[in-house]
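Student: Could you look at this predicted model? Sequence included:
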Amino acid sequence: MALSADHLRSSPAFCEALRVYAGDLQGEYDGNPRLARLLSSHQRWLLSQCAFALHIEHDPDVPGSGLTASRLRDMITASNAASRNTVLNFLDQLLSYRFIRLADEATRRPRRFEATEVTQAAMMRWILANLATLDRVDGGSRAETLVARPELFKLIQPQAARRSFAHDGWREPPPRVAMFLWTEAGGLVMDELVRRIEATDPAAERYDVGRVDARAMAEHFMMSRTHLQRLLRRAVEAGGLQWQDEGKKTHLWFMADLLEEYCGWQAIKFSIIDEAFDHALRLVAPAETREAPVQLLAKVDG
């Protein structure tokens, strides 16, 4: 049975799992910075997930289906998540970086795009990282099941993307979280700070995230130092972060209430992904997969 957002939000294991997850995302960034930056702001995350869902949902028997500029534009602008020009510029960027390509029949109108192999592999790794995070909460074997049954991927991703996009609480993060997530590369900064929290404690009021070298961090995340410093200043003014040394501004505290807000927001997405995973299992194997994933893996491996 899928874990609810309330269950995740109240679970100390979930915050611990998010710290590991943040490290996984940092690893993805280090492996392919240009691709990872497509998820580095919440708007780009929404665009990427919706575009990939449309790509998977292409049906050769349905004219106009799949990822087209008009379908992605209509999907995104219906909820005011981005402007028409932002959507079109995003697709142009994906095409120029070769993260998508024109489909074989793309001489027709509307032109259809499809994800390239590197993009498909990256999205699979992202789904696996999310399932592994859920497994750390309850000791499940979701990630192992997906590795054994990769066909689940095409069932999980579109449902997770559409349900996340439709959820007001996920589409619009809490203000102090949004301060990071709606800015360019701000998601990377948030992941880095969360990753640095050594251990969570329900009684703690703040967490030491150590020394912040603004020049080095900005260079690593390919953002301007001015932009990073402005982001940190705004977060401090909003009470989410606190300088340990106000004069030098080199060491930071991450406030516990900001971490609580962040975990609560992330719980929405993770509960949706777990529901999508559970739904996919019911579709491919109504009883066996859901009740005995470990035994199923043994059968597949054998």
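Tutor: Sure thing, it's come through.
Student: Show me the strands in this protein, by range?
Tutor: Assigned by DSSP state E, the strands in the chain fall at 67-68, 100-102, 112-115, 206-211, 241-243, 251-255.
Student: Show me what the shortest one is packed up against.
Tutor: Packing contacts for strand 67-68, counted by 3 or more C-beta pairs under 8 Å, 6 or more residues apart in numbering; DSSP states H and E, involve helix 42-56, strand 112-115. For every residue, glycine as well, the C-beta is placed using N, CA and C.
Student: remind me which residues of the stretch 51-200 of the chain are low pLDDT?
Tutor: Counting by pLDDT under 70, the stretch 51-200 of the chain has low-confidence residues at 105-108.
Student: ok, which stretches of it are helices?
Tutor: Per DSSP state H, counting those that start in this stretch, the stretch 51-200 of the chain carries helices over the ranges 69-77, 84-96, 117-138, 142-148, 153-166, 168-171, 175-181, 186-196.
Student: Looking at these, which one is packed in the most?
Tutor: helix 186-196 (a mean of 23; mean count of other C-beta atoms under 10 Å).
Student: in this protein, which helix has the most residues?
Tutor: Secondary structure of the chain per DSSP state H: the longest helix is helix 256-284.
Student: tell me which residues of that one are tucked away?
Tutor: 256, 258-259, 261-281 (16 or more other C-beta atoms under 10 Å).
Student: Deepest-packed of the strands of the chain, please.
Tutor: Comparing the strands of the chain by mean neighbour count (mean count of other C-beta under 10 Å), strand 67-68 ranks first with a mean of 22.
Student: So what's the gap between that strand and the chain middle?
Tutor: 21 Å (C-alpha atoms, centre = their mean, to the nearest Å).
Student: And for stretch 27-47?
Tutor: 9 Å.
Student: model confidence over that stretch, on average?
Tutor: Stretch 27-47 comes out with an average pLDDT of 88.
Student: Can you dump the C-alpha atoms of it in CSV for me?
Tutor: Coordinates of each C-alpha in stretch 27-47 appear next as CSV, following Å, rounded to 0.1, in the frame of the first residue of the first chain:
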residue,chain,number,x,y,z
GLY,A,27,25.8,12.9,-8.0
GLU,A,28,23.5,13.2,-11.0
TYR,A,29,24.5,16.9,-11.4
ASP,A,30,28.2,16.0,-11.2
GLY,A,31,27.7,13.3,-13.8
ASN,A,32,25.9,15.6,-16.3
PRO,A,33,25.6,19.2,-15.2
ARG,A,34,23.9,20.5,-18.3
LEU,A,35,21.1,17.9,-18.1
ALA,A,36,20.8,18.2,-14.3
ARG,A,37,20.3,21.9,-14.6
LEU,A,38,17.0,21.2,-16.4
LEU,A,39,15.7,20.1,-13.0
SER,A,40,17.5,22.8,-11.0
SER,A,41,14.4,25.1,-10.7
HIS,A,42,10.9,24.0,-10.0
GLN,A,43,9.6,25.5,-13.3
ARG,A,44,12.1,23.4,-15.3
TRP,A,45,11.2,20.3,-13.2
LEU,A,46,7.5,20.8,-14.2
LEU,A,47,8.4,21.3,-17.8
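Student: what sits up against that stretch?
Tutor: Contact partners of stretch 27-47, identified using C-beta atoms under 8 Å, 6 or more residues apart in numbering, comprise 25, 48, 72, 76, 81-82, 86-87, 90, 94, 97, 99, 118-119, 122, 125-126, 129, 165, 171, 173, 178, 181-188, 221-222.
Student: picking up where we left off before, next, format the helices of the stretch 51-200 of the chain as TSV and append distance to residue 247.
Tutor: Formatted as TSV, the helices of the stretch 51-200 of the chain follow (distance: least, C-beta to C-beta, whole Å):
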stretch	distance to residue 247
helix 69-77	45
helix 84-96	40
helix 117-138	38
helix 142-148	46
helix 153-166	42
helix 168-171	39
helix 175-181	24
helix 186-196	21
